[in-house]
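Engineer: My questions concern the predicted model and sequence given below.
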Amino acid sequence: MRTLTLAGAVACLATGALAQEVVRLATEGAYPPYNFINDQGEVDGFERELGDALCARAGLTCEWVVNQWDSILPNLLGGNYDVIIAGMNITNERDALIDFTQPYMPPAPAGYAALSGDADIAGGTVSAQAGTVHAGHVADTGATLLEFATPEETVQAVRDGEADAVFATHDFLLPIVAASDGEMTIVGEPVIIGRGVGMGLRESDAELRDRFDTAIAAMKEDGSLNGLLAKWFPDNSPQF
């Protein structure tokens, strides 16, 4: 789904996560259907269900931590939690700093949504969440990039006339467009970005990474991971 600016990341001084009784999983809680906060105030979504299943398969006791996107990586490195499971795209830049499991989601198509089908996505103003692969893509196209801290703000910028279009994953945008009663529409062709979504861990936690890797591989093998992808994402979304 997204990548994060690495500026400000701190060196990891924490001991291995498996030395603790509870493994702490961090997510943003603001990017449905990947992760969101439900009406009961709990973490919900595809990654909540997946994370719980992976912890059970790995024989781990896990708890969920909600952290804002712009500090989610520094707080991992600082030892505030042990794993990031938040729609984080595996990128070369981040892979040089932390470890990743194998992808639990293939690269997902992204695209533009606007109030009009003839919105200027090439030369106009396009909103995207700050510090993401989507913001980087917009900047590379030559359009004027308008960044916001949260996904909701990027959509609201289009509705308020601040941006001509918003660029994000189709998994995030399609339900918003469908619920807009014709106010918004998808513009242009899908764009594939990134190497897939994985769990991010400190380099010192290789054993924990391996346990989650084994659990992800098992869910791919028995089809249960594709079952979760089919449950939470549109029918045409990529699967393993």
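Structural biologist: It's in.
Engineer: For the helix or strand hosting residue 110, C-alpha coordinates in PDB please.
Structural biologist: Using DSSP states H and E, residue 110 maps to strand 109-114. Extracted in PDB, the C-alpha atoms of strand 109-114 (Å, rounded to 0.1, in the frame of the first residue of the first chain):
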ATOM      1  CA  PRO A 109      -3.400  -1.400  -8.000                       C
ATOM      2  CA  ALA A 110      -3.700   2.300  -7.200                       C
ATOM      3  CA  GLY A 111      -5.400   5.100  -9.000                       C
ATOM      4  CA  TYR A 112      -7.100   8.500  -9.000                       C
ATOM      5  CA  ALA A 113     -10.500   9.500  -7.800                       C
ATOM      6  CA  ALA A 114     -12.100  12.900  -8.600                       C
END
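Engineer: mind listing what it pairs with, with the direction of each?
Structural biologist: In the sheet, strand 109-114 lines up against strand 165-169 (antiparallel), strand 185-192 (antiparallel) (DSSP bridges).
Engineer: and after the helix ranked longest in the chain, which helix or strand comes next?
Structural biologist: Longest helix of the chain, by residue count under DSSP state H: helix 206-222. Next in sequence after helix 206-222, counting helices and strands by DSSP H and E, comes helix 224-232.
Engineer: Wasn't residue 102 part of a helix?
Structural biologist: No - assignment of residue 102 by DSSP: H, G, I helix; E, B strand; the rest coil gives coil, placing it outside any helix.
Engineer: Report the separation between it and residue 149.
Structural biologist: According to Cβ to Cβ, to the nearest Å, residue 102 stands 30 Å off from residue 149. Placement of C-beta: from N, CA and C, glycine included.
Engineer: got the buried residues for the lowest-mean-pLDDT helix or strand in the chain?
Structural biologist: Lowest by mean pLDDT, DSSP states H and E among the helices and strands of the chain is helix 92-95, with a mean of 87. Residues of helix 92-95 classed as buried by neighbour count (16 or more other Cβ atoms under 10 Å): residue 94.
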